[in-house]
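Student: I'll drop the sequence and a predicted model, then ask my questions.
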Amino acid sequence: MFFWLEKVHTNLMPTSTSQRASWPVRFWHRKVRKPVIQELTRGTSVPKVTLACILGLVSATWPQIGTNPIMALILSWIFRCNKAITSGISLVFTPFQYVLMIPFLRFGETLLGIPHFTTTVPEIITIVVTDPIGSFAVLGIPLLHAILGWIATWSVAAPVFYLPIRYLLTRQVKAKEPTT
């Protein structure tokens with residue numbers, strides 16, 4: 001009766017080795033899941049891997065366009081955690097940079113109590129792409145406001161994300177342990 005549902009289910013979930021997962025799933029496994037699992041199986045502590053994951057999220061939302069990889073390396077170097085995990089998570093979650101750019105800017109302006117800089121993300125991208133160095137004349141002060149909003153947001157959000165991510169990684173470690 002529900003043969004079409006079975007077809008849909010088999011198309012979504014590859015069951016044989018001949019079928020491959022979609023590219024976003026493969027990308028996630030290659031850039032995030034595999035490095036995290038490798039670090040956990042090497043004996044790196046769960047809190048250290050959790051910190052690397054959090055720093056990857058933090059660096060992914062850095063408001064300066066095009067500098068996320070540099071921020072990921074700087075943060076992983078400062079906090080002495082795995083650079084591959086931090087960079088991989090930063091790479092995967094970079095689209096959040098564009099989603100959160102204006103909210104960080106607005107939050108920074110609100111914290112300072114100054115009027116809002118009227119712009120949109122496409123306008124910012126156009127300015128940065130056409131004149132990367134000259135864009136600091138137009139976007140320099142708003143960028144500082146966005147960085148203030150970014151710092152204020154992540155100083156609260158990072159500790160909030162820490163426990164759920166640590167719990168998920170601990171479950172992953174327990175699932176990989178051999179049962180005796």
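Tutor: Thanks, I have the structure now. Numbers count the residues shown, from 1 in each chain.
Student: use CA for all of it now, contacts and neighbours both
Tutor: Fine.
Student: Could you pull up the mean pLDDT of the host helix or strand of residue 98?
Tutor: Using DSSP states H and E, residue 98 sits in helix 95-112. Taken as a whole, helix 95-112 has a mean pLDDT of 92.
Student: and what of stretch 151-169?
Tutor: On average, stretch 151-169 scores 93.
Student: Stretch 38-50 too?
Tutor: 82.
Student: Please enumerate the helices of the protein.
Tutor: Along the chain, counting by DSSP state H, helices occupy 3-12, 23-28, 34-41, 46-60, 68-78, 83-92, 95-112, 121-130, 135-176.
Student: With mean neighbour count as added columns, please give these in JSON lines.
Tutor: Formatted as JSON lines, those follow (neighbours: other C-alpha atoms under 10 Å):
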{"stretch": "helix 3-12", "mean neighbour count": "10"}
{"stretch": "helix 23-28", "mean neighbour count": "12"}
{"stretch": "helix 34-41", "mean neighbour count": "18"}
{"stretch": "helix 46-60", "mean neighbour count": "25"}
{"stretch": "helix 68-78", "mean neighbour count": "18"}
{"stretch": "helix 83-92", "mean neighbour count": "25"}
{"stretch": "helix 95-112", "mean neighbour count": "18"}
{"stretch": "helix 121-130", "mean neighbour count": "14"}
{"stretch": "helix 135-176", "mean neighbour count": "15"}
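Student: so who does the residue lying closest to residue 93 once chain neighbours are set aside touch?
Tutor: Ranked by C-alpha to C-alpha, 6 or more residues apart in numbering and with sequence neighbours excluded, the top spatial neighbour of residue 93 is residue 60, at 5.6 Å. Taking C-alpha atoms under 8 Å, 6 or more residues apart in numbering, we find residue 60 in contact with 68, 72, 89-91, 93-97.
Student: can you tell me which of those residues lies nearest to residue 139?
Tutor: When these are compared for distance to residue 139 (C-alpha to C-alpha), residue 97 wins out at 16.0 Å.
Student: I'd guessed that closest one sits against residue 58; true?
Tutor: No. Using C-alpha atoms under 8 Å, residue 97 makes no contact with residue 58, being 9.7 Å away.
Student: Please compute how far stretch 98-108 lies from its chain's middle.
Tutor: Relative to the centre of its chain, stretch 98-108 is centred 15 Å away, using C-alpha atoms, centre = their mean, to the nearest Å.
Student: Put the alpha carbons of it into CSV.
Tutor: The C-alpha coordinates for stretch 98-108 follow below in CSV (Å, rounded to 0.1, in the frame of the first residue of the first chain):
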residue,chain,number,x,y,z
TYR,A,98,26.6,36.4,6.5
VAL,A,99,23.5,35.6,8.4
LEU,A,100,24.8,37.1,11.7
MET,A,101,26.8,40.0,10.3
ILE,A,102,24.0,42.6,10.6
PRO,A,103,22.7,41.3,13.9
PHE,A,104,26.2,41.6,15.4
LEU,A,105,26.5,45.1,13.9
ARG,A,106,23.1,46.1,15.4
PHE,A,107,23.9,44.6,18.8
GLY,A,108,27.3,46.4,18.9
